[in-house]
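In: One predicted model, sequence on top.
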Amino acid sequence: MKGIIFSEFLELVEDTFGLEVCQKMLDDSCDEGVYTAVGTYDHKDLVKLIVSLSKLTNISIEDLQQVYGKSVFLTLYNSMPSLEGKSSNTFDFIKQVESYIHLEVKKLYAQASPPEFVFISNTESEMVMDYISARCFSNVCFGLIQGCAEHFNENIDIHMQAIQQDGSQVRFTLLKV
């Protein structure tokens, strides 16, 4: 997992909960908190940080992942200037993630294993897709979709349904309201 994901998470924690909580979270996770944006790190380290933050704040792990996903969307979007103007709405952008962004990530980083989106159906008002990832970050994906919809100024209801019990495959149904 790229370091930008970690550094953005640490920034969110510090901005939202303060430096003391951020440091306590790092200490409790035995994590030095040093990440470079282009470095590659084990996703399990992020899981440890989220679990620790959940214990410190009494906010569910799922809610923390969704808030993080929503907050990091613009950073990730702005890191891809080649996508500017290629999508005019949430559904178009999500399709670009699978058909363009994930392919480019694999080209740049041979060992990368980004999540996979399998599109089940897509109309003007509804998109149904499966999120498939061994990392099981479907709640981060949920937040990213929220951030995307906000960016495109759209009101979208998002429903998640686990297809695999371990969370490695989750079906998202997105409805434009």
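Out: Nice, I can see it.
In: Need the pLDDT of residue 151.
Out: pLDDT for residue 151: 94.
In: same thing with residue 6?
Out: The per-residue pLDDT of residue 6 was computed as 92.
In: in what helix or strand does it lie?
Out: helix 3-17 (DSSP states H and E).
In: and that helix, which residues are buried?
Out: Neighbour counts using 16 or more other Cβ atoms under 10 Å place 4-10, 12-14, 16-17 of helix 3-17 among the buried residues. Where C-beta positions appear, they are placed from N, C-alpha and C, glycine not excepted.
In: need the helix or strand of this protein with the lowest average pLDDT.
Out: The helix or strand with the lowest mean pLDDT-type score in the chain, counting by mean pLDDT, DSSP states H and E, is helix 102-108 (a mean of 59).
In: and this protein, what are its domains?
Out: Taking automatic domain parsing as the criterion, the chain consists of the domains 3-59, 70-176.
In: Ramachandran coordinates for the residue lying closest to residue 14 once chain neighbours are set aside?
Out: Computed as Cβ to Cβ, 6 or more residues apart in numbering, the closest residue to residue 14 that is not its neighbour in sequence is residue 22, at 4.4 Å. Per-residue torsions, residue 22: phi -60, psi -50 (degrees, to the nearest 10).
In: Likewise for residue 118?
Out: Residue 118 has phi and psi values of phi -110, psi 120 when expressed as degrees, to the nearest 10.
In: mind listing the helices for this protein?
Out: With DSSP state H, the ranges of helices along the chain come out as 3-17, 19-28, 43-57, 61-78, 90-96, 102-108, 138-151.
In: from what I can see residue 41 touches residue 35, true?
Out: Yes - the pair residue 41 / residue 35 is scored as a contact, 6.3 Å apart, by Cβ atoms under 8 Å.
In: Overlap of the contact sets of those two?
Out: In terms of Cβ atoms under 8 Å, 6 or more residues apart in numbering, residue 41 and residue 35 are both contacted by the residues 3, 6.
In: out of the two, which sits in the busier spot?
Out: Between residue 41 and residue 35, counted using other Cβ atoms under 10 Å, the more crowded position is residue 35 (22 against 15).
In: shouldn't that one be in contact with residue 3?
Out: Yes - proximity of residue 35 to residue 3 meets the contact threshold set by Cβ under 8 Å, at 4.0 Å.
In: shared neighbours of these two, which are they?
Out: A shared contact of residue 35 and residue 3, defined by Cβ under 8 Å, 6+ apart, is any residue touching both; here these are residue 41.
In: any idea which of the helices of the chain scores lowest on pLDDT?
Out: helix 102-108 (a mean of 59).
In: For residue 44, see how far away the residue nearest to residue 61 when sequence neighbours are not counted is.
Out: Leaving out its chain neighbours, the residue that sits closest to residue 61 by Cβ to Cβ, 6+ apart is residue 54, at 4.7 Å. Going from residue 54 to residue 44 by Cβ to Cβ, to the nearest Å gives 15 Å.
In: Thank you, goodbye.
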